[in-house]
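Chemist: give me coordinates for this.
(chains A and B)
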Number of protein chains: 2
Amino acid sequence: MSNEMINFLSTLISYPSISSNPNNSQDSKNLANFIIDSYTNLGFKMELIDNLIEGKNPLIFGKFGDDPNKKTIMFYSHYDVQPASIQDGWDTEPFDLIEKSDGYVYARGASDDKGPITATYFAMKELLETTSDIPVNIAILYEGEEESSSHGFEQTVYKNKSFFSDIDGILILDTSWFTDHRPSLDYGLRGLTYMAINVSGPNKDQHSGLVGGTIREPMSDLISILSKLIDSDGNVQVDGFYDDVLPLSDAENELYDKIDFNINDYVSYLGRNSLFQQNSKTTLMNMWRNPSLSIHGIQGAFSGSGSKTVVPASVTGKVSMRLVPNQDPKTISEIFIAYVNKIVENMNTPNSISVEPIGLGEWWYGDVNNFLFESAKSAIENYWGKEPNYVRSGGSIPIIPFMEKTFNAPAIGLPVGQSSDGAHSQNERLRIENLVGAKHVIINLLNKISNLN
Amino acid sequence: MSNEMINFLSTLISYPSISSNPNNSQDSKNLANFIIDSYTNLGFKMELIDNLIEGKNPLIFGKFGDDPNKKTIMFYSHYDVQPASIQDGWDTEPFDLIEKSDGYVYARGASDDKGPITATYFAMKELLETTSDIPVNIAILYEGEEESSSHGFEQTVYKNKSFFSDIDGILILDTSWFTDHRPSLDYGLRGLTYMAINVSGPNKDQHSGLVGGTIREPMSDLISILSKLIDSDGNVQVDGFYDDVLPLSDAENELYDKIDFNINDYVSYLGRNSLFQQNSKTTLMNMWRNPSLSIHGIQGAFSGSGSKTVVPASVTGKVSMRLVPNQDPKTISEIFIAYVNKIVENMNTPNSISVEPIGLGEWWYGDVNNFLFESAKSAIENYWGKEPNYVRSGGSIPIIPFMEKTFNAPAIGLPVGQSSDGAHSQNERLRIENLVGAKHVIINLLNKISNLN
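Modeler: Residues are numbered from 1 along each chain as shown, chains lettered A, B, ... in the order given. Below is the predicted model of the structure:
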């Protein structure tokens, strides 16, 4: 069976469905049609759904079964991939899948995200071949723009959501185990509020020989504002920023005790011990469950090498905050603007200063005690013989909270590959054991959910 | 005579001696040889001096007279120009001199700096034709790299300085009148210390989804340092920064009362009233005689548009200080480093922080009471019928203090064109009245100096 899975995966790989390159859009469409044909042959009702954003890759919708007595489980994955070429430093041609004697297959998309699509498809195939049925109703929702900010996903899914009946749970198959040696389940992501602080002075860029000392420079005003956003311990200084942060419960606290996470590995990955907390547990909490603020850079100022003596006329500071339950990105954006405006009032500056949000994303916080999570945990324990790591992520995937809201159903992340797969790097790989294991875990999981009925 | 001068200037203009473009180096060399031939025909001893920096334009050295009873006056100008092409928005071909009915000639280099060379040459020619002699010994020092940071000037002049005998005074012909309607004399420039503050954290750029909240980010450390360099009134916070600033004397104070300077014009040029002082005199002092600090930008951080969530691994803040008598650029660099290091100690940061000077330039402060300045003032009053503006500049021209030291002689700036000439812009121009006037002022000036003997 693993040979058959590898052959199928190899076919998915052979379509260079690079969403960031418009030249590959026909490859993406061909791949989408191949996936549709494959599921159709299993008896699924499939549709290729045009992306509402012109020129962006279509979505794949599918379903199997409509028994009202069964739960309906949705599978989310993406069929597009990051760019790759052998000139980037790959050992082998990235769109030719290679099986090596180390137990891994190597190719762009092997782990992110064509392996998970393969595991799902073969779980369905095996269930249908061995029991002539699937124990739950299935919904398939695959997109082709995940590696390009999921362009068009939300509006296209929202408009076509009537394709699906009631959804009971959503499985996100698009992450990796937190470590190489223990399976994981994902239950949370941080949200994001990205702000731009604009400071405008003279009409045009000036020269410090002319205006140095005569005018209040926009750059020093901006630096002054940026310096008041975060203290040296990483505490965000925006008034009210922490008001809505969900306090740590005993139950959540205990979850962190069980995580495989070695702070020394993290420091050695970073190359410098610049951690706020020299403690694995608090560092994990800082990454996953605590909000943060980062200053990314300044637009409009001199950013080259050398010693240019320009006085920039207008500069924009770029700042983002990673948010956690129950911080609302829009509310955070509002209190950020109020905080900066208060600073500006006290500055008494002649420059013009404005603040605007340029990106908002919802956090996601799954329930580790609902039927979906409990069934997945049990399915993983059955197959792998160990309890999964309960994992959140410090990053943001706004489509997950969007899907939970749109389908009014809980989501969990069910990772397939390992942390070392190199999803966006050269020589991306997937352990065959993980590919086969994911198929079994999916079958176990669906059977367990079916038994809950 | 003005037709002859315009024809000569037109020939100088016709060589596109753009020093920033290596393709024009033959044009520059041809122009240098034309100037050498012209002076040689007057009886000058001329030499083309190779620039010690390979590929950079040669220097022109010249002398006339070696009477030990006469003073020796050196003329500095440059024969290279800023780039120009009709595509940049010129009304006429920039290397074809055009005389218009408004009394101006238009061409790249007309004012900066081929007009001043023409005025000097015709002053010499007229003295020799009318009196068969020049009343002082003359030294000519022209360079061809002024518009490209005077590459190779200092080392080449220093190595070849024995070409010249004792120099008594240096006339810098490379500036413009401070206003359009009144001649100026330049007696000062600010110096410069340009510093780079480097903050290094992780090995590689990170993503705020991964490290936001876990590490002390280099960017927030840098912002914190930059925010402590200057206060909201423009006062530099570096300990000891003002220690060596020459106090304002009554005599200097009085100079400012006579300057034609309208603060409203300055504000309207800037496009915003962001002045520290709403007062013409103190604004002029801030520009010319007070030191300042500017933050130019940050290298290594995100500087594009949009909302990238990078956490830069290493960032470099670029800061410069304009310096005045008697601040030493090296001393300022040292106390700046000490000040930042003191901040860094109190920050207790795990990041690696270093500070280095990446540019130093001496200020220049001429004596408004020496023989050169007094003679020039009197020559200008004789010809123009008004007292010149006594002008300093906020910028830096390190070759002037270098020449004063190398030749052990005082310098003054003798401007030829007007403030509105657009020296580095489209449709650069020169008023014919100014060209002819400069010739007369030079003749008057040399006669006056001769009478001092």
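Chemist: so where's the stretch 201-350 of chain A uncertain?
Modeler: In the prediction, the stretch 201-350 of chain A carries no residues with pLDDT under 70.
Chemist: quick one: the helices in it?
Modeler: A:208-211, A:218-226, A:250-257, A:263-270, A:280-288, A:329-347 (DSSP state H, counting those that start in this stretch).
Chemist: per-domain residue ranges of chain A.
Modeler: A:2-189+A:363-452, A:191-245+A:291-361 (automatic domain parsing).
Chemist: just to revisit the earlier point, mind checking which of the helices of the stretch 201-350 of chain A is nearest B:Phe276?
Modeler: For B:Phe276, the closest of those is helix A:208-211, at 10.3 Å, according to C-beta to C-beta. Quick note: C-beta positions are derived from backbone N, CA and C, even for glycine.
Chemist: which residues does the closest one contact?
Modeler: A:202, A:217, A:309-311, B:190, B:270, B:287, B:292, B:294, B:296, B:320, B:322, B:393-396 (C-beta atoms under 8 Å, 6 or more residues apart in numbering or on different chains).
Chemist: tally of neighbours for the residue of the stretch 301-450 of chain A found nearest chain B?
Modeler: Chain B sits closest to A:Gly395 of the stretch 301-450 of chain A, with a gap of 2.6 Å, by C-beta to the nearest C-beta. The tally of other residues near A:Gly395 (other C-beta atoms under 10 Å in any protein chain shown) stands at 18.
Chemist: so it sits in a helix?
Modeler: No. Checked against DSSP: H, G, I helix; E, B strand; the rest coil, A:Gly395 lies outside a helix; its state is coil.
Chemist: go ahead and confirm it touches A:Asp186.
Modeler: No. Assessed by C-beta atoms under 8 Å, A:Gly395 is found out of contact with A:Asp186, at 11.0 Å.
Chemist: give the buried residues for stretch A:380-394.
Modeler: In terms of neighbour count (16 or more other C-beta atoms under 10 Å in any protein chain shown), stretch A:380-394 has its buried residues at A:380, A:383-384, A:388-394.
Chemist: just the CA atoms of it, as PDB, please.
Modeler: The C-alpha coordinates for stretch A:380-394 follow below in PDB (Å, rounded to 0.1, in the frame of the first residue of the first chain):
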ATOM      1  CA  ILE A 380      -2.900   9.000  17.600                       C
ATOM      2  CA  GLU A 381      -2.300   7.100  20.900                       C
ATOM      3  CA  ASN A 382      -3.700   3.900  19.300                       C
ATOM      4  CA  TYR A 383      -1.400   4.100  16.300                       C
ATOM      5  CA  TRP A 384       1.800   5.800  17.600                       C
ATOM      6  CA  GLY A 385       1.700   4.500  21.200                       C
ATOM      7  CA  LYS A 386       2.300   7.900  22.600                       C
ATOM      8  CA  GLU A 387       0.300  10.900  23.700                       C
ATOM      9  CA  PRO A 388       0.500  13.800  21.300                       C
ATOM     10  CA  ASN A 389       2.100  17.100  22.100                       C
ATOM     11  CA  TYR A 390      -0.600  19.700  22.600                       C
ATOM     12  CA  VAL A 391       0.700  22.500  20.500                       C
ATOM     13  CA  ARG A 392      -0.200  26.100  19.700                       C
ATOM     14  CA  SER A 393       1.700  28.300  17.300                       C
ATOM     15  CA  GLY A 394       3.000  31.900  17.600                       C
END
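Chemist: which other residues reach it?
Modeler: Applying C-beta under 8 Å, 6+ apart, the set of residues contacting stretch A:380-394 is A:175, A:177-179, A:182-190, A:255, A:258-260, A:287-289, A:292, A:322, A:368, A:376-377, A:413, A:437, A:440-441, A:444, B:208-214.
Chemist: now A:Met124, nearest residue through space, not along the chain?
Modeler: A:Leu42 (5.7 Å; C-beta to C-beta, 6 or more residues apart in numbering or on different chains).
Chemist: give me phi/psi at that neighbour?
Modeler: Backbone dihedrals for A:Leu42, given as degrees, to the nearest 10, come out at phi -80, psi -10.
Chemist: and it, how far from chain B?
Modeler: As judged by C-beta to the nearest C-beta, to the nearest Å, A:Leu42 and chain B stand 36 Å apart.
Chemist: kindly report the same for A:Asp112.
Modeler: 15 Å.
Chemist: check which helix or strand the residue lying closest to that residue once chain neighbours are set aside maps to.
Modeler: Excluding the flanking residues, the one nearest A:Asp112 by C-beta to C-beta, 6+ apart is A:Ala423, at 3.7 Å. According to DSSP states H and E, A:Ala423 maps onto no helix or strand at all.
Chemist: and for A:Ala423, the neighbour number?
Modeler: 22.
Chemist: contacting residues for it?
Modeler: A:Ala423 touches A:82, A:111-112, A:176, A:417, counting by C-beta under 8 Å, 6+ apart.
Chemist: select, out of the domains of chain A, the one closest to B:Asp91.
Modeler: Per C-beta to C-beta, nearest to B:Asp91 of these: domain A:191-245+A:291-361, 21.4 Å.
Chemist: picking that back up, just the buried residues of stretch A:380-394: which are in strands?
Modeler: Taking DSSP state E, the ones among those that sit in strands are A:389-393.
Chemist: turn these into JSON lines, columns for pLDDT and distance to A:Ile49.
Modeler: Shown next, in JSON lines, are these (pLDDT from 0 to 100; distance: C-beta to C-beta, whole Å):
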{"residue": "A:Asn389", "pLDDT": "94", "distance to A:Ile49": "34"}
{"residue": "A:Tyr390", "pLDDT": "95", "distance to A:Ile49": "34"}
{"residue": "A:Val391", "pLDDT": "95", "distance to A:Ile49": "31"}
{"residue": "A:Arg392", "pLDDT": "94", "distance to A:Ile49": "31"}
{"residue": "A:Ser393", "pLDDT": "92", "distance to A:Ile49": "28"}
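Chemist: list the contacts for A:Pro410?
Modeler: If you count contacts by C-beta under 8 Å, 6+ apart, then A:Pro410 has A:169-170, A:366-367, A:370, A:372-373, A:404 around it.
Chemist: likewise for A:Phe336?
Modeler: Contacts of A:Phe336 (C-beta under 8 Å, 6+ apart): A:193, A:195, A:238, A:321, A:355.
Chemist: gap between A:Asp231 and A:Thr331?
Modeler: Separation of A:Asp231 from A:Thr331 (C-beta to C-beta, to the nearest Å): 22 Å.
Chemist: one step back: skipping adjacent residues, who's closest to the residue of the stretch 301-450 of chain A closest to chain B in space?
Modeler: A:Gly395 sits nearest to B:Gly209 (C-beta to C-beta, 6+ apart), 2.6 Å away.
Chemist: run a quick neighbour tally on that neighbour.
Modeler: When neighbours are counted by other C-beta under 10 Å, B:Gly209 registers 21.
Chemist: ok, A:Thr179 next?
Modeler: Around A:Thr179 there are 18 residues (other C-beta under 10 Å).
Chemist: that one reaches A:Tyr266, doesn't it?
Modeler: No. Using C-beta under 8 Å, A:Thr179 is not in contact with A:Tyr266; the gap is 11.5 Å.
Chemist: now the longest helix along chain A, how far from the centre of its chain.
Modeler: When chain A is parsed with DSSP state H, its longest helix is helix A:432-452. Distance, stretch centre to chain centre, for helix A:432-452: 23 Å (C-alpha atoms, centre = their mean, to the nearest Å).
Chemist: okay, helices next: where are they in the stretch 51-200 of chain A?
Modeler: Using DSSP H, counting those that start in this stretch, helices in the stretch 51-200 of chain A cover A:115-131, A:153-159.
Chemist: just these: most buried one?
Modeler: Mean neighbours per residue, mean count of other C-beta atoms under 10 Å in any protein chain shown, is largest over the helices of the stretch 51-200 of chain A for helix A:115-131, with a mean of 21.
Chemist: next, the angle from that one to helix A:432-452.
Modeler: 50 degrees (axes from the mean of the first three to the mean of the last three C-alpha atoms, to 10 degrees).
Chemist: list buried residues within the contacts of A:Pro410.
Modeler: For the contacts of A:Pro410, buried by 16+ other C-beta under 10 Å: A:169-170, A:366, A:372-373, A:404.
Chemist: would CSV of the residues you listed with distance to chain B and pLDDT be doable?
Modeler: Below are the buried ones among the contacts of A:Pro410 laid out as CSV (distance: C-beta to the nearest C-beta, whole Å; pLDDT from 0 to 100):
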residue, distance to chain B, pLDDT
A:Gly169, 25, 98
A:Ile170, 21, 98
A:Gly366, 17, 95
A:Leu372, 24, 97
A:Phe373, 22, 97
A:Glu404, 19, 97
